[in-house]
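Colleague: Next one to model:
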Amino acid sequence: MNIGDGPSRPHAATGSDVPIVVMGVSGSGKSSVAAALARRIGADFVEADDYHSAENRAKMARATPLTDTDRAPWLDRVGRAIGEHTVQGRAVVVSCSALRRSYRDRLRSESGADLFFVELTGDEGTLARRLESRRDHFMPRALLDSQLATLEHLEGDEQGMTADFGQPIDRIVGTVIGNLRNASASPNRLSPI
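Modeller: Below you'll find the model as predicted:
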């Protein structure tokens, strides 16, 4: 799903032309933050869940964790979608779990672009409550533990930042924009909130 007409880059709100990936485990608010950020900076919004195969969705709905083999074609499709935006000069914000460093590397490689990651972190109890209250979503609460076990936090050489998902979305978005301005002046800086 895309929101907006995708302005030419760099975008004035951030001073950066780098595609943004909002990442984290299920229930961290990736989609809500990414969509709000896309609206705020006038970028397209891409929901990585839309690129999962029917088989992957069915597997997760049965509370069966995906393997790296399951995830590879999905990550490639998401990476190519990012790359298409980059080639067209369109700003894009993506919501994608991107839990492991190797997954993020695959997104970078497949997109052919530098990416700025926003890792949403916070209290596990809040995650559990959010997942239990969801209706009509293929990712059940039972998979939270496997996602947390898979998660590899952003490393110092990765361009990005962390944000506490317990904060109001508007505050997270404002801080992301500020960090993007800083990152465009000093690339490859990990600047946490």
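
Colleague: List the buried residues in stretch 36-53.
Modeller: 36-38, 40-41, 43-49, 51-52 (16 or more other Cβ atoms under 10 Å). Just so you know, the C-beta spots here come from the backbone N, C-alpha and C atoms, and that holds for glycine as well.

Colleague: and which of those is nearest residue 156?
Modeller: residue 37 (23.2 Å; Cβ to Cβ).

Colleague: Please put the alpha-carbon coordinates of the helix or strand harbouring the closest one into PDB.
Modeller: With elements taken from DSSP states H and E, the one containing residue 37 is helix 30-41. What follows is helix 30-41, C-alpha atoms only, in PDB (Å, rounded to 0.1, in the frame of the first residue of the first chain):
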ATOM      1  CA  LYS A  30       5.800  -0.200  13.000                       C
ATOM      2  CA  SER A  31       2.900   0.300  10.600                       C
ATOM      3  CA  SER A  32       1.300   3.200  12.600                       C
ATOM      4  CA  VAL A  33       4.700   5.000  13.000                       C
ATOM      5  CA  ALA A  34       5.700   4.400   9.400                       C
ATOM      6  CA  ALA A  35       2.400   5.600   8.000                       C
ATOM      7  CA  ALA A  36       2.400   8.700  10.200                       C
ATOM      8  CA  LEU A  37       6.000   9.500   9.300                       C
ATOM      9  CA  ALA A  38       5.200   9.000   5.600                       C
ATOM     10  CA  ARG A  39       2.300  11.400   5.800                       C
ATOM     11  CA  ARG A  40       4.300  14.000   7.700                       C
ATOM     12  CA  ILE A  41       7.200  14.100   5.200                       C
END
